[in-house]
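K.L.:
what shape does this take:
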Amino acid sequence: LKKRSHSFDQGPRDHAAARSHSFDLGPRAETLATRQDNMSMPTLPRGFSFEGVVPEDCRPMFARKRYAFLIGILLGGGSVLYVTKRAVEQSDLVGDFLSSIELSALRAQVAEQVRLLPEFNFRRAPDPGWSEPKARKPGRPGLVAVEEGVRPHYPVIMIPGIISTGLEMWAGRQCAASYFRQRLWGTLSMLRLFTLDRECWLAHMELDGLTGADPEGVRIRAAQGFEAADYVVGGYWVWALLIESLADVGYSPSNMHVAAYDWRLPYRALEERDFYFTRLRSQIEMFKQMHGRKVAVVGHSMGANVWFYFMQWIKSPEGGKLSSAWVSDHVDQVVMIGAPWLGAPKTMTGLYMGESRDFTYLTGALGSLVDAVMSPVVRRRMMRAWPSVHSLLPMGGNTVWGDAASAPDDPPDIGTSHGALLQRREGAETVPELTMDEVRERLEADALRTQALPDDSGEKRFRMWYDLRVGTPDELVHPPEAAWVNPLKSPLPFAPNLTIHCLYGVGISTERSYVVDVPPPPPTPVAPRKGEESPAELAACAVPETVPYLIDRSVQAVNITNGVRLTDGDGTIPLLSLGYTCERLWRQRAAYNPSRAKLVTREYKHQKSSGAALRGGPESADHVDIMGNAEMIGDILRIVGGQELQDRVISDIARISDNLDERLFGSAGRKPALPPPSPTPDAAEVVVAEAQTQTAQAAAAPVTGSAPQLERCDDPPPAEEVA
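P.N.:
Numbers count the residues shown, from 1 in each chain. Take a look at the predicted model:
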């Protein structure tokens, strides 16, 4: 229980919580108030009420969680320094931090930092729905599902997302000799080694940017089992609540499996080094043989991209050497949670300049401390050393994400378009600086430049791993391996009985574009006298590496916070990437969904947390916290229990899809959905259907630019005619 950052209805323990917090207790308020006299409880503070909200003057300083967040960071940083037993006066990190701030300005900096941190509120926000018992206490989803009669039907395969699987050291360098089989990612051991010796930690966690291989003498491998992804770094739950709910309805290790993987690797190396896709195929086949049923696959975040790659791999002569029929024969339900089907802008800025919205909250003294530990240069270096990150780059370039003039998800009154990924300030206005394609071109040029450097140059080298452009008709028939992560270049397999569920959160401000500024140039190093150079002096004389831009945190405007222009999404992935593929592309374009597999889209409106939990709570739709969303967990339990769900769309994805259709295909507006899938085909029917798809693709004519003209197929001709 200590591991849980928030919990569902736990029955009698609610009474203890009620005595500590002023939650709306309803009928129990009178009973508890009566017990006060009998139990000789101390007098309640002035203004305290069981039936209302804690008055603002009761705990004015600690009424908001951002204070707890700030204090927690400061205490945590001090504790780490104490545990490492390193003298503060001997620590370069601490010395650099202290020299970078003026102690006289520290109080003002702390006040400014508190203002910029995300605002969380301990006090319960008024909500009419809380007056209803079921709305106020949704209960543990697994137990609710049991009361509804849900029982295990499909065996379940779970695929975690990026950074949510623990990584263990099986071989390493002398600086980490005591960490054998300890996790260098996902536990407090990671924080300890990072604090003691950052370069040692980076030397183990970084991969070769050109080959994706481990550094020489280092073997870091993914942890296995449910413990690999249930919690990350102590009590930070990821999959734990879903696993617990599955167990409530009757699941156990005999019919559910976490397919953990090394999330740093390029996807092709998952198979080449770890045989991941071969093992995943074997696990699915074993479950079907054991239980006599096809499986349900549940993926979160980048886990959706990994599964999409697997579906291309299984039928490719370069991969599993099978056919699309394998997916149809072994998988019945696919559930993808918060899938970044078309990537995320924050990945592009992270690889290009080491910046994202996550770091814009940290300014003043706290920002200086973070930059001293992990500067934008170090953050960029680390992301470039994890090739898997490249699979999350925005796909489709300016065609999908817009140009300086417009973008498909621009609101009517945006001013400067989201299509300008990077913008700069001119007076009181912002003007375009670089579009998505222009940033990608600079990133690719930087990759080519580093590849031309000698191995001993000291600068980390990398290359671009994936083809993220819009596909042509020929490429859709035979997509190259580099495009297996790209739904704009690789179609779904022929699996007419497959149902794909896209579940994601909406209603959270999400980073979409950025107002940037050029960082000040680094100080010019002073060269030592000729003939008196030492290695240390020569190293100090080298010009330090810099990033081309930094987010301008001083810019505040409508839909711009700390220099980040915001849009709708789940807090990490914009709605454009979450929804278009499932809600429009695969529903209405037969070239991308040749078997007309069924699509279900369900959106979850974000509700701010209430109570004292620092995590989102059971109604959160945040990209990670949605894994604890009680309603979504209940939906997943019904899916794997054999029930059918219906679409629920509450966002503006229809308008965005219309605009994107216009850019991709030259035709806007919602078309009729594809006809329902045919019965399970035999091998001959699969060949005929794939031939129909290829015929339709070959007949499609491209429009101007790189986007193909791929209209919806009409009813297919008789099989004899195609043959």
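
K.L.:
how about residue 250, phi and psi?
P.N.:
phi 120, psi 0 (degrees, to the nearest 10).

K.L.:
for it, give its distance to residue 636.
P.N.:
Between residue 250 and residue 636 the computed distance is 14 Å (CB to CB, to the nearest Å). Where C-beta positions appear, they are placed from N, C-alpha and C, glycine not excepted.

K.L.:
same thing with residue 396?
P.N.:
For residue 396, the distance to residue 636 equals 29 Å [CB to CB].

K.L.:
more neighbours: those two, which one.
P.N.:
Set side by side, residue 396 and residue 636 show more neighbours around residue 396, with 27 against 24, by other CB atoms under 10 Å.

K.L.:
low pLDDT regions in this structure?
P.N.:
Residues of the chain meeting the criterion pLDDT under 70: 1-138, 363-365, 523-544, 610-614, 667-723.

K.L.:
kindly recompute the last result at 50.
P.N.:
1-66, 84-91, 119-137, 540, 680-688, 691-723 (pLDDT under 50).

K.L.:
mind giving me the packing neighbours of the lengthiest strand in it?
P.N.:
Counting residues, the longest strand in the chain under DSSP state E turns out to be strand 508-517. If you count contacts as 3 or more CB pairs under 8 Å, 6 or more residues apart in numbering; DSSP states H and E, strand 508-517 packs onto helix 345-353, strand 422-426, strand 550-551, strand 564-569.

K.L.:
adding mean neighbour count and distance to residue 464, write the ones you listed out as JSON lines.
P.N.:
Putting the helices and strands packed on strand 508-517 into JSON lines (neighbours: other CB atoms under 10 Å; distance: least, CB to CB, whole Å) gives the following:
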{"stretch": "helix 345-353", "mean neighbour count": "24", "distance to residue 464": "9"}
{"stretch": "strand 422-426", "mean neighbour count": "19", "distance to residue 464": "19"}
{"stretch": "strand 550-551", "mean neighbour count": "22", "distance to residue 464": "23"}
{"stretch": "strand 564-569", "mean neighbour count": "24", "distance to residue 464": "25"}
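
K.L.:
right, so of those, which gets closest to residue 481?
P.N.:
Distance to residue 481, taken as CB to CB, is lowest for helix 345-353 among those, at 20.2 Å.

K.L.:
what does the closest one rub up against?
P.N.:
Helix 345-353 has contacts (CB atoms under 8 Å, 6 or more residues apart in numbering) with 355-358, 376, 379-380, 383-384, 389-390, 392-394, 401, 421-422, 436, 439-440, 442-443, 446, 511-514, 516, 547-551, 572, 574.

K.L.:
contact partners of the strand or helix carrying residue 634?
P.N.:
Element membership for residue 634 (DSSP states H and E) is helix 630-640. For helix 630-640, contacts defined as CB under 8 Å, 6+ apart pick out 8, 138-142, 144-145, 148, 150, 152-154, 156, 241-242, 245-246, 249, 296, 298, 333, 335, 337, 501, 503, 602, 604, 618-619, 626, 645.

K.L.:
now restrict the residues you listed to buried residues only.
P.N.:
8, 138-142, 144-145, 150, 152-154, 156, 241-242, 245-246, 249, 296, 298, 333, 335, 337, 501, 503, 602, 604, 618-619, 626, 645 (16 or more other CB atoms under 10 Å).

K.L.:
now, these that are in strands?
P.N.:
156, 296, 298, 333, 335, 337, 501, 503, 602, 604.
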